[in-house]
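J.: Predicted coordinates and the sequence they were generated for:
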Amino acid sequence: MAVSNEILKAADPALRGSIPEVLADAGANRFEEEADLQFLKFHGIYQQDDRDLRRTAKHWQFMVRTRQPGGRVPREQFLAYARLARRWGNETLRVTSRQGFQFHGVLKAGLATTIREINAALATTLAACGDVARNVMAPPTPATTSLASEVQADAALLSDALLPLGTSYHDIWVEGVKLDLADAPPAKPDPLYGATYLPRKFKTAFAIPPNNDTDLLSNCLGFIAIADPATGELAGYNLAVGGGLGRAHGNQQTFPRLADVIGFLSRGQLVEVGRAVLQIHRDWGDRTNRKHARLKYVLEDHGPAWFRAELERRVGFTLGEVRPWEFDRQGDAFGWHRQQDGRWFLGLHVTAGRVRDDADGGPRFLAALEAVLGAHPAEMRLTASQNLLLADVADADVESITTILAAHGVAVDPAAQASGVRRLSMACPALPTCGLALAESERWLPQALGVIEGVLGEYGLGGEDVVVRITGCPNGCARPYLAEIGLVGKAPNRYQLWLGANFGGTRLNRVWLDNVRGEDLPAALRPVVQRFAFERRPAERFGDWCARVLWPEQDATAAALPAAA
């Protein structure tokens, strides 16, 4: 696949393929050429089928992902998205773990219209997928200090600087031009990405210590905001490189990795450094083995000292020494809070990020948000934990918004929204639409969380906050390797159980059990939770106890085993 992808990109740097012709063919309900399937990803699109219905026939559909730097979604943009989800999608919007929105269930007949109207709403799907820099994440919480506004501005600036400049996206989706490929002039290589773009995807995040609400160290490129101790204003950033969580079952050459923090830069150096890091990935990433193509393996193979030297050679200046920083927590703000400017913001929990109207008598979330933003001037912010915020709310609108939400079954009080375990949870979509899913994730999440809460309750820990994340495969889209309890799909109804990451997102977890059936999860957790209840130190978190107590025991057991022949 790696060699095939590289050949396809080199042969058609414009990433056009036969996409315009297939779009124009009303009799085609899908794309069949491998080049088209790969190029669609660069345009923010995945072709999928409903795996629940495969026994009868493949039901082709598309996932469309938007790019929302820093998770910001202006009011009119969201209202346009809601209309598109109802008209062309499956009447849901999904908050991604990278602060974007995904439309699911879009049929080919509505694909071009959906993307054209997304662009008409002053958004884009360009580079939301593919071998390019993905959506740039940043702390979404509205400014409670000047630092937050400055970091958001820098994230938007860098996002623009990392966008590819190819014209085929706009020709196909925005202008709707039918391209005559025979007469089209040869495409020029992108000035940043070159003719074959990147070996794999490239992820970027900003964070403001001590809150690591973007899981910054799991990214290829990270900027840790450092405040001037005298003024409190943004002095610059510690630079983190080489994080990434994707792995493959049974392949020890693939593994999750946290980024190395290698130096300090000023705000004025941000764009130059960000582009240079991306180009090192472009030039040094492995194009022969797609499973070894992420920037984290460049760091693992060459080391952070080599990387810093190569970066300084490219930018022509020396990075400063790393400045003191600490991440001690993660998570979002829920309920009503004051902003720095005196206005309000509201944090709302969204189970697995799925914004929908519950057909079984639950919250009508999509309709509620349409009603709120249809009546009140506010901005939406998407969080990296798949929740959302309503920002810039005037004093006079707080009561009205609370009333509208209540009328749709949406609570605003944090305790009424969800338990601590549920507010800290994440899941990837997995089945039935993700072609890589080995097991359930989003659809199993509510049941799995109920099991975990039940086991905690058995030992007097019903109010305990524990970070739980579930994925249907080992690629790690919901970042399970940074969870106190991570469940990673291995086969239908079978999961690896990972334990022991910390709350600050600076320690990965470990495999505790390799193969747990869904119905056996209570039995798998019960002995661990029982010990935690009786052996924990005052205020010690579950993940920290696992690392302090279980890991040494696990190491001792492994050391006592006979060496493999």
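T.: Yep, that arrived.
J.: separation between Ile401 and Thr56?
T.: Using CB to CB, to the nearest Å, we find Ile401 at a distance of 44 Å from Thr56. The way it works is simple: take the backbone N, C-alpha and C, and place the C-beta from them, glycine included.
J.: Of those two, which one has the most company?
T.: Neighbour tally, Ile401 and Thr56, criterion other CB atoms under 10 Å: the higher count belongs to Ile401, 23 against 7.
J.: The closest residue in space to the more buried one that isn't next to it in sequence: what's it in contact with?
T.: Across the structure, with CB to CB, 6 or more residues apart in numbering as the measure, the residue nearest Ile401 apart from its sequence neighbours is Val372 (5.3 Å). The contact partners of Val372, by CB atoms under 8 Å, 6 or more residues apart in numbering, come to Ala378, Leu390, Ile401, Ile404, Leu405.
J.: Helix or strand: which one has Val372?
T.: Here Val372 sits within helix 365-375, counting by DSSP states H and E.
J.: Likewise for Val488?
T.: Assigning secondary structure by DSSP H and E places Val488 in strand 485-491.
J.: list the buried ones in that strand?
T.: Buried positions in strand 485-491, judged by neighbour count with 16 or more other CB atoms under 10 Å: Ile485, Gly486, Leu487, Val488, Gly489, Lys490.
J.: how much does whichever helix or strand comes after it deviate in direction from strand 485-491?
T.: Scanning forward in sequence from strand 485-491, with DSSP H and E defining helices and strands, the next element found is strand 494-499. Our comparison of strand 494-499 with strand 485-491, counting by axes from the mean of the first three to the mean of the last three CA atoms, to 10 degrees, yields an angle of 160 degrees.
J.: Specify the angle between the following helix or strand past strand 494-499 and strand 494-499 in degrees.
T.: On the C-terminal side of strand 494-499, the closest following helix or strand by DSSP H and E is strand 510-517. In terms of direction (the same axes, to 10 degrees), strand 510-517 departs from strand 494-499 by 150 degrees.
J.: what packs against strand 510-517?
T.: strand 485-491, strand 494-499, helix 521-535, helix 551-560 (3 or more CB pairs under 8 Å, 6 or more residues apart in numbering; DSSP states H and E).
J.: starting at the chain centroid, how far to it?
T.: 24 Å (CA atoms, centre = their mean, to the nearest Å).
J.: Over to stretch 292-303?
T.: Relative to its parent chain, stretch 292-303 has a centroid offset of 21 Å by CA atoms, centre = their mean.
J.: before we move on, what about stretch 512-523?
T.: On CA atoms, centre = their mean, the centre of stretch 512-523 falls 26 Å from the chain's centre.
J.: buried set for that stretch?
T.: By neighbour count, and taking 16+ other CB under 10 Å as the criterion, the buried residues in stretch 512-523 are Trp512, Val516, Gly518, Leu521.
J.: The first one against Leu499, yeah?
T.: Yes. Checked against CB atoms under 8 Å, the pair Trp512 and Leu499 is within contact range at 4.5 Å.
J.: Give me the common contacts of those two.
T.: With the criterion set as CB under 8 Å, 6+ apart, the overlap between the contacts of Trp512 and Leu499 is Val528, Cys546, Leu550.
J.: give me every residue that touches the last one.
T.: Leu550 sits next to Leu499, Gly500, Trp512, Val528 when contact means CB under 8 Å, 6+ apart.
J.: can you do 7 Å?
T.: Leu550 makes contacts with Leu499, Gly500, as judged by CB atoms under 7 Å, 6 or more residues apart in numbering.
J.: contacts for stretch 238-245?
T.: By CB under 7 Å, 6+ apart, the surrounding residues in contact with stretch 238-245 are 216-224, 226, 256-265, 273, 277, 294-296, 299, 307, 319, 322-323, 325, 476, 479, 481.
J.: How about the helix holding Val372, which residues are buried there?
T.: Those would be Phe365, Leu366, Ala367, Ala368, Leu369, Glu370, Ala371, Val372, Leu373, for helix 365-375 by 16+ other CB under 10 Å.
J.: likewise stretch 323-330?
T.: Of the residues in stretch 323-330, those with enough neighbours to count as buried (16+ other CB under 10 Å) are Arg323, Trp325, Phe327, Gln330.
J.: Touching that stretch from outside, list them.
T.: With CB under 7 Å, 6+ apart as the contact definition, stretch 323-330 has outside contacts at 209-213, 215, 224, 226, 238, 264, 503-506.
J.: Quick check: end-to-end length of it?
T.: From its first residue to its last, stretch 323-330 covers 21 Å (CA to CA, to the nearest Å).
J.: picking up where we left off before, quick one: average pLDDT of the strand holding Val488?
T.: On average, the pLDDT along strand 485-491 is 98.
J.: Pull the distance from stretch 195-208 to the chain's centre.
T.: Offset of stretch 195-208 from its chain centre (CA atoms, centre = their mean): 12 Å.
J.: Could you give me the buried positions within that stretch?
T.: Applying a neighbour-count criterion of 16+ other CB under 10 Å, one finds 196-208 buried in stretch 195-208.
J.: That one: end-to-end distance?
T.: Using CA to CA, the span of stretch 195-208 from its first residue to its last is 35 Å.
J.: for the chain, which spans come out with low pLDDT?
T.: Low-confidence regions of the chain, defined by pLDDT under 70, span residues 1-3, 177-187, 564-565.
J.: Could you list the domains of it?
T.: 2-44+126-315, 335-417, 423-560 (automatic domain parsing).
J.: Quickly find the element holding Leu84.
T.: helix 75-87.
J.: can you list contacts of the helix or strand just after that helix?
T.: The helix or strand immediately downstream of helix 75-87 is strand 93-95, counting by DSSP H and E. Counting contacts by CB under 7 Å, 6+ apart, the residues outside strand 93-95 that touch it are 81-82, 85, 101-104, 350, 353-355, 366, 382, 386-388, 429.
J.: how far out from the middle of the chain is stretch 375-389?
T.: Between the mean C-alpha location of stretch 375-389 and the chain-wide mean there is a distance of 16 Å, by CA atoms, centre = their mean.
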